[in-house]
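Novice: what would the 3D arrangement of this be:
(chains A and B)
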There are 2 protein chains.
Amino acid sequence: MAVVEGKNGVNFKTKRGFSKKLKSGLKETLFPDDPFRQFMNEEKTSRRFIKGLQYFIPIFQWIPTYTWRLLISDFIAGLTITSLAIPQGISYAKLANLPPLVGLYSSFVPPLVYAVFGSSRHMAVGTIAAASLLIAQTISTVADPVQNPTLYLHLIFTTTFVTGIFQAALGIFRLGILVDFFSHSTITGFMGGTAIILILQQLKGIFGMQHFSTQTDIVHVIKGIIAYKHEIRWETTVLGVIFILFLQVTVYVRNKRPKLFWVSAIAPMCTVVITAIFVYLIKGQNHGIQTVGHLGKGLNPLSIKDLNFDPKYLSPVLQTGIITGILSLAEGIAIGRSFAVAENTPHDGNKEMLAFGLMNIVGSFTSCYLTSGPFSKTAVNYNAGCKTPMANIVQAILMALTLLFLAPLFGHTPLVALSSIIISAMLGLIKYEEAIHLFKVDKFDFVICMAAFFGVPFLSMDYGLMISVGLGILRGLLYVARPAACKLGKIPDLGLYRDVEQYSATTIPGVLIIQLGSPIYFANAIYVKERITRYIQDEEDNGGDTVENIILDLSGVTSIDITAIGGLLETNKTLEKNGVKICFVNPRLEVMEKLIASKFVDKIGKELFFLSLEDAVSAIQYALSSVKRNRSEEIF
Amino acid sequence: MAVVEGKNGVNFKTKRGFSKKLKSGLKETLFPDDPFRQFMNEEKTSRRFIKGLQYFIPIFQWIPTYTWRLLISDFIAGLTITSLAIPQGISYAKLANLPPLVGLYSSFVPPLVYAVFGSSRHMAVGTIAAASLLIAQTISTVADPVQNPTLYLHLIFTTTFVTGIFQAALGIFRLGILVDFFSHSTITGFMGGTAIILILQQLKGIFGMQHFSTQTDIVHVIKGIIAYKHEIRWETTVLGVIFILFLQVTVYVRNKRPKLFWVSAIAPMCTVVITAIFVYLIKGQNHGIQTVGHLGKGLNPLSIKDLNFDPKYLSPVLQTGIITGILSLAEGIAIGRSFAVAENTPHDGNKEMLAFGLMNIVGSFTSCYLTSGPFSKTAVNYNAGCKTPMANIVQAILMALTLLFLAPLFGHTPLVALSSIIISAMLGLIKYEEAIHLFKVDKFDFVICMAAFFGVPFLSMDYGLMISVGLGILRGLLYVARPAACKLGKIPDLGLYRDVEQYSATTIPGVLIIQLGSPIYFANAIYVKERITRYIQDEEDNGGDTVENIILDLSGVTSIDITAIGGLLETNKTLEKNGVKICFVNPRLEVMEKLIASKFVDKIGKELFFLSLEDAVSAIQYALSSVKRNRSEEIF
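Specialist: Okay, here's the model as predicted:
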């Protein structure tokens, strides 16, 4: 605890050492949640070990309190996502130029790993469309998937391994801070935009079309549908519309009467089973109703020996691994976080990165390619009522069973039923009321949201996301480039100093009190100087007295840097030339440390620092009254 | 002026309209200097016109008070930079694969344009090395400079035109805010690093070598010198060392006795003239002393009809134009600003961009290629004692005379003399004391400085600059991602609430007062929540009473967004569950507007907002005393 000293009660002594400052800075930046406290504070070693285990391996947090009731929910959800994982796995594997079975393998091992290490309750693990396309495009340039499928496959496994290592490293070095830059507005817009993309993609299944755009943007998809409009089958379209209506009705029922939540939870699975039987009975393929198709049998073969680190291919493999790693993290974490916020369940960016990394590393050893938390699957998982990552274990077990025995049966599921399930899930994720709310409260947030909402379907998922995040960062930079300053006055009866624009506070003639915003640093050093000058000019233009004293209230300034300190010195010099005296009120600890270290305090003089605005004003009034008693009596 | 209302004197009414907020936001962001005030406030139209003219065309600001004394200084500086412009123009034109005369033309027209529109006093206009190389590399891919020199030349002019339009647009749209992101630390490091590059480049002249690395990084240059070490001539090396010593002595004299500033000002010109005569007399070329060489005659031909907007070449032309535009602005403005700060002379980023743009547009019409404020020339200009942009007019006139008559005479200047002048100028720009100062005051600033200082010579000028600016932006983002919060206590005798770490302030049992940093928004919404939770845990761990009330002091918070408001609501919900009551003190105008618009105030309740910490503490104590009178008596 420091001792108050200095002429005006300002403490100039407290100065922390470099290591202390660094430690506190690192802790605030990377460990704001103080992750180790929960077990480091335990006295008993055994309890400390258990708590540590629970911290590092989230499954130990929820498994001890797991109940049959939860299992039923998770089982239904797991069953639903498995029935979705089969056609999704196959179609995304095709996007990546891979054998369909690799897509199915990827819904067996990675979900198991995620269930152990993942912190999100609603994440459903699987392959993702955007990354599948991206991998294919880059790796195809060095290994032809048709002429040299083995090399191509091995390079894909290697890419997955690289992605895993990269993601795990981000998690270990606690760069979850990156996730903080996905704002609520970005996520709302991104979810809405991605929902539109996925609805468009599912139109293929609804219309029962054979040909469809390989690109995901709205313009290409609509052009593609128009080009092949003769392929549209009324049979599937009618079925699709009926299924969507049915599912939407169950959602409506759930919203109206929350106790009937199970109606909408089992609806997708019912749709799958009933339609599979129905299509089987009416021989749907004769009516143009496509089904998942024939599936082979057998579990994942090991692929750890297939990883190929030949320097010839290393550069594209590293590049693709890192890019898709970021993309899939951005998608997976944004989605996981949005459901976690909606349901107030835990979500830890760092743990998620580590879990994603581990599941991709293990996946690359067992014939899986890049997995993440895909949007559609996670949304279906959530809608199907999943409660814990157990849904992923269910998915893995069911997928294993499917791979071993049931594949031919699931092969009869009509694609139109799966498309309807996805569309129905997506419709609930276009939150127009949220956008209206944003528009009302904050126009910039609304723009950030719309950038993602329109960017995703019109450009691409990654561009839409990047533009939206970029706008958020730009906004952050503008905050720091132009920290809001305001002019303070005294509220007569209360003796408090407050913004004159906000309260009817009276200013003191000849004295200008300015509260500076935070932080003050290079990007706004010139601005702060110009702003102070303008306050003085404004004061004099509006017929006020000549400004003779300026009080800068630094209470709200949390950081300052060399450029800004130089700027303040310059400001002081300029003002002094014009006969204006400056003084400073209540610099905070970190700011004071810098002001002392840079000799600013010595140059300005300790007597110009005050602990409160009242002290500074009194000192100025005292000085004034000594010099021109008459005038000061007239005013006060 | 708003009226104070609300239960605790907090004003909930003041809410500005969207257009007012937007206007004030745009003004703070783009027009903090309120540029039009100086002439819009004039009553007489004629005076308003004159002041407006002076604002938009800076030459009218300084030309009315121009004196013979200033002209002498400017003439000497102009003469010195002209003697530098000739070999620099020739060698940089060679870098760009252009005829040498184009390099000389570029020191005639653009300086005239800059002298009229430029706001910097010390800028010397000319071509720059990095951009020359970059242009050549990109345009060569579509037009071969050897096989099709005319097309190549015309595309270069077109690129220059594009650069000019781009730079002028940045200036007109007042994006000078970009320049705010070049911090003092970045500029210090960048100047030092670039000085090292240029010293290395000048070793060619000092050693009298024929072959030299075409790359600028330190590794390649040293390798190149070692590879061609047999070319090093002792004659030029001895001359070079003597010249450098001579010039450094004159600098030393100037520093010791400022009245003798003219000694160092005329030294470079003396060196040029004396050595030219000396080398001419001793027939230096026989001793391996290289001179500038033969130069042709004639002024700039018009090239406006040569601009080539063929769509075939448009893409590389646009790309190169914009990239070199940014690069040359970054160099030119960083340099102009650093001299302006050192000498406290005017410098306006927006006007500079416009001036650079205009000089490149006019330049592209008159057979000039990309010009900026090159580092070496500006430094020499400054060292030679320039006072106003008149030095550029002198340069232009002398260059015109040179082009018309004197070229053959200047052809005798030995390269070693010019190299010595540049090296001598550069030595003064490696500010090691500044780096030590940075190290002492702010380690992060030191890292930003060193990134530029080592990045420039080891990587390249643009990468060094980008890394350093990037670190600065990262730091800005960290400021906003982790706004410093602190725990407040009451200083007993003064009744003020201050940081307990900074002052010996006592906390109130069961009440936690936290001052939040600014801004609170999406990138730190989760952090703020976690930080508050940790404060409570810390309090309870340290054997304090159970926290029952939290007071959040928002005085220092200048902005808030939707995500952060959501975070505060969540925090409130979580705390309520744990029996902790929260209240808010003094939100500022902008924050209050958002809190009202988002219904936060309605959800929380107006009675939980207070105007001062004292009010909030009193209210809590009153509530406590009503409920458990015994306990409250014991404490207070």
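
Novice: which parts of stretch A:240-259 are buried?
Specialist: For stretch A:240-259, a neighbour-count test (16 or more other Cβ atoms under 10 Å in any protein chain shown) marks A:Gly240, A:Phe243, A:Ile244, A:Leu247, A:Gln248, A:Thr250, A:Val251, A:Arg254 as buried. C-beta coordinates here come from the backbone N, C-alpha and C atoms, glycine included.

Novice: again with stretch A:218-234
Specialist: Neighbour-count burial for stretch A:218-234 [16+ other Cβ under 10 Å]: A:Ile218, A:Val221, A:Gly224, A:Ile225, A:Tyr228, A:Arg233.

Novice: give the contact list for the third one.
Specialist: Meaning A:Gly224. A:His211, A:Phe212, A:Ser213 (Cβ atoms under 8 Å, 6 or more residues apart in numbering or on different chains).

Novice: show me the contacts for the closest residue to chain B within the stretch 101-250 of chain A.
Specialist: Chain B sits closest to A:Ser183 of the stretch 101-250 of chain A, with a gap of 3.1 Å, by Cβ to the nearest Cβ. Contacts for A:Ser183 (Cβ under 8 Å, 6+ apart) come out as A:Asp445, A:Ile448, A:Gly472, B:Tyr521, B:Phe522, B:Ala523, B:Asp561, B:Ile562, B:Thr563.

Novice: ok, now with 10 Å
Specialist: Residues near A:Ser183 by Cβ atoms under 10 Å, 6 or more residues apart in numbering or on different chains: A:189, A:445, A:448-449, A:452, A:468-469, A:471-473, A:475-476, B:521-523, B:525, B:561-564.

Novice: and the closest residue to it other than its chain neighbours, how many neighbours?
Specialist: Nearest non-adjacent residue to A:Ser183, counting by Cβ to Cβ, 6 or more residues apart in numbering or on different chains: B:Phe522, 3.1 Å away. For B:Phe522, the tally of surrounding residues (other Cβ atoms under 10 Å in any protein chain shown) stands at 28.

Novice: the residue in the stretch 351-500 of chain A that chain B sits nearest to is in what secondary structure piece?
Specialist: Closest residue of the stretch 351-500 of chain A to chain B, Cβ to the nearest Cβ: A:Ala484 (4.0 Å). Under the criterion of DSSP states H and E, A:Ala484 resides outside all helices and strands.

Novice: quick one: it and B:Glu590 touch, right?
Specialist: Yes - under the criterion of Cβ atoms under 10 Å, A:Ala484 makes contact with B:Glu590 at 6.3 Å.

Novice: for the spatially most central residue of chain A, grab phi and psi.
Specialist: Centroid-nearest residue in chain A: A:Phe182, 3.2 Å away (criterion: Cα atoms, centre = their mean). Note on A:Phe182: its backbone torsions stand at phi -90, psi 100 [degrees, to the nearest 10].

Novice: just the strands in the stretch 351-500 of chain A please.
Specialist: Taking DSSP state E, counting those that start in this stretch, the strands of the stretch 351-500 of chain A run over residues A:486-491, A:496-499.

Novice: just checking, what packs against the longest helix anywhere in chain A?
Specialist: The residue-count maximum for a helix in chain A (DSSP state H) belongs to helix A:311-343. If contacts are counted by 3 or more Cβ pairs under 10 Å, 6 or more residues apart in numbering or on different chains; DSSP states H and E, helix A:311-343 sits against helix A:129-139, helix A:149-172, helix A:184-207, helix A:349-365, helix A:375-383, helix A:461-481, helix B:522-541, helix B:562-577.

Novice: thank you, goodbye.
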